[in-house]
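1. Okay, sequence plus prediction incoming.
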Amino acid sequence: MVEQVTISKFKATCLALLDKVKRTGQPILITRRGQPIAQVLPPPPAERPASWLGSFQSTGRIVGDIISPPLEEDDWEVLQL
């Protein structure tokens, strides 16, 4: 059952009622002269951010030979100081 609160009581105890909604997860219906005018709902559950680990899994592509050295052995010796 949804708790009903008059608008005057909501105005007087707004912060406490908002804390109660967050803590219990139960909505509150705000009424004026017995007629519903608003409903306070708890926030949706927080989504966990996706882990970046493994987020690029199976997206890479091997192009060419990755085993052989990129330079010939003679060129490598020239580049060394």
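-> Received, thanks. The structure presented is a predicted model; accordingly, all values stated were derived computationally and were not measured.
2. For the rest of this, base every contact and every neighbour count on C-alpha atoms.
-> Will do.
3. and Pro42, how many neighbours?
-> 17 (other C-alpha atoms under 10 Å).
4. Return the set of buried residues in the lengthiest helix in the chain.
-> Longest among the helix segments of the chain by residue count, using DSSP state H, is helix 14-24. In terms of neighbour count (16 or more other C-alpha atoms under 10 Å), helix 14-24 has its buried residues at Leu17, Leu18, Val21.
5. That one - what's its average pLDDT?
-> Average pLDDT, helix 14-24: 95.
6. Then stretch 36-44?
-> What stretch 36-44 shows for mean pLDDT is 95.
7. what's the first-to-last distance across it?
-> Terminal residues of stretch 36-44 are spaced 22 Å apart (C-alpha to C-alpha, to the nearest Å).
8. Could you tell me which residues within that stretch count as buried?
-> Applying 16+ other C-alpha under 10 Å to stretch 36-44 flags Pro42 as buried.
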